[in-house]
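Asks: Prediction below, plus the sequence it came from.
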Amino acid sequence: MDFISTRGKIQKCGFIDAFLMGLADDGGLIIPEHIPVVPQDQLKAWEQLSYQELMFEIFSYYTNGEIPDEDLKALIHDSYATFRSPDVTPIHTINESLHVLELFHGPTFAFKDVALQFIGNLYSYVSKKQNKIINILGATSGDTGAAAIQGVRGKEGIQICILHPHNKVSKVQELQMTTVHDDNVLNLSVEGNFDDCQRVIKELFADIEFKNKYHLRAINSINFVRILAQTVYYFYAYFQVAKKQSIDAINFSVPTGNFGNIFSGYLAKQMGLPIGKLILATNENNILERFVKEGIYMPGDFLSTYSPSMDIQIASNFERYLYYLNQKDAGKVTELMNEFQQNGKLVIAEADMPQVRSDFDAHGVKGAECLQIIEKYNKESGYLLDPHTACGVAAYEACSDKNEVCVVFATAHPAKFNEALELIPIEQQFPKEIEQLFNQPQYQTVLDYSKEEIVKQLEAFYKV
Ligand SMILES: *Cc1c(COP(=O)(O)O)cnc(C)c1O
């Protein structure tokens, strides 16, 4: 398998190079040259596999043998040994039409751990094998940063710097990032919002000279390996539900911000998994809902909501979908992205809208709906949703028929977002791992939103 860019201007490369490149050098996003289709009988055989075995099979379609089988198996094994559930991502069944896939059993209690535990180990593996310096740079709305730091803290040959918006992440998210005291971790707390942080990161990655000088590596979902790691649980969820009840196609409702998690679902569907609807669940920052409903991709005003990890206006993975929507025409994608850069908006051709609407459905949660859903499911099913998962359940209610089967992704544990639950109010017991965070010292540098300041910090921190 070779990897190419959505803008068509990089040389084809292999799995490890695609992993290391992160954002493609031509400013586009990395994608596989062809999406492999898994034969039906193969899918059937996969039903019996453990999470780790399934991941190995899926990755084997993409890795070109660049990682020897035994090494890949060990990497996968180590990555999920840190999870609190033997199933890695267990299913919680509410009823025959609604299943919740719990993606929060990793070290930082959010779904980002699933990909980033593996990515941390893969960076460490590549660093050792190729004797390469790895300087990781990422921006976070809270969960990515915590998961990435947990994925690489204390690992030799790797430095990690994470930007987060100052006072715009939840208390637990902040503590998970800033109570880590390893020398290879730097937290920059930026006066601004997530999109500001992300913009600086994108600029630095697009600055090829800077990127190469510091061997910059990405951990956000612009990295294709993260997308691929997230396809695994779509397959796994399908098989777990198929063991319990007879199903044909299955819908997925996905709390969405950067379009990363749901793009993994799009990929799984192209690989042959019988997915019915892919439902985009958003909050008031609903650029993606408006895209599906109106065909216009245009950021609105930034709003702080109960689900801060989805408070994102520019979905950095959207370009991947744009590529497939435009029949893999890299020239057209470049044109559209330039148009977006210049005008701050993209209008999808009317002729493409039936395709968009058959690929996705969407629902944006507004106002009190999020808290009402949490309260309702707590009362009626005795199951506590976090505010992001609640958006997913609200979107299930809005978009999935009761005679269909839907899996909603629980992208975080409710203890991570107690601020919202206190408003209902619901009192919850914190897991001991989270409880322990509250009495520890914090390590972070607070600074103004200034690219210059940020670069200065990075130059002092990174190894060359
Ligand atoms: C990151 C995150 C999301 C959004 O995921 P994307 O891949 O950016 O769409 C949703 N919920 C939680 C809890 C998250 O941490």
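Replies: Yep, that arrived.
Asks: Nearest residue to the residue of the stretch 1-150 of the chain found nearest the ligand in space, please, no chain neighbours.
Replies: Relative to the ligand, the nearest point of the stretch 1-150 of the chain is D143 (3.1 Å; C-beta to the nearest ligand atom). In short, each C-beta sits where N, CA and C put it, glycine included. Setting aside the residues directly before and after it, D143 is nearest to A110 in space (C-beta to C-beta, 6 or more residues apart in numbering), at 4.0 Å.
Asks: Report pLDDT for M21.
Replies: As predicted, M21 sits at a pLDDT of 88.
Asks: which secondary structure element contains the spatially closest residue to it that is not a sequence neighbour?
Replies: Taking C-beta to C-beta, 6+ apart, and ignoring the residues beside it in sequence, M21 has I30 as its nearest neighbour in space, at 6.3 Å. For I30, the host element (DSSP states H and E) is strand 30-32.
Asks: correct me, but C391 touches L280?
Replies: No: with the criterion set as C-beta atoms under 8 Å, C391 and L280 do not qualify as a contacting pair; they are 9.9 Å apart.
Asks: Please state the offset of the strand holding I30 from the chain centre?
Replies: For strand 30-32, the distance from its own C-alpha centre to the chain's C-alpha centre is 16 Å (C-alpha atoms, centre = their mean, to the nearest Å).
Asks: Which helix or strand lies directly C-terminal to it?
Replies: Downstream of strand 30-32, the first helix or strand assigned by DSSP H and E is helix 40-46.
Asks: Need the residues that contact that next one.
Replies: Contact with helix 40-46 is made by V38, L54, E57, F235, F239, G272, L273, as judged by C-beta atoms under 8 Å, 6 or more residues apart in numbering.
Asks: List the buried residues for that helix?
Replies: Burial within helix 40-46, assessed by neighbour count using 16 or more other C-beta atoms under 10 Å, is assigned to L43, W46.
Asks: Could the C-alpha coordinates of stretch 35-48 be exported in CSV?
Replies: C-alpha atoms of stretch 35-48 as CSV (Å, rounded to 0.1, in the frame of the first residue of the first chain):
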residue,chain,number,x,y,z
ILE,A,35,-8.8,1.7,0.1
PRO,A,36,-8.6,-2.1,0.5
VAL,A,37,-11.9,-3.9,0.5
VAL,A,38,-12.2,-6.8,3.0
PRO,A,39,-14.0,-9.8,1.4
GLN,A,40,-17.2,-10.9,3.0
ASP,A,41,-16.0,-14.3,4.1
GLN,A,42,-13.0,-12.6,5.7
LEU,A,43,-15.3,-10.3,7.6
LYS,A,44,-17.2,-13.3,8.9
ALA,A,45,-14.0,-14.9,10.1
TRP,A,46,-13.0,-11.7,11.9
GLU,A,47,-16.1,-11.9,14.1
GLN,A,48,-14.3,-14.3,16.5
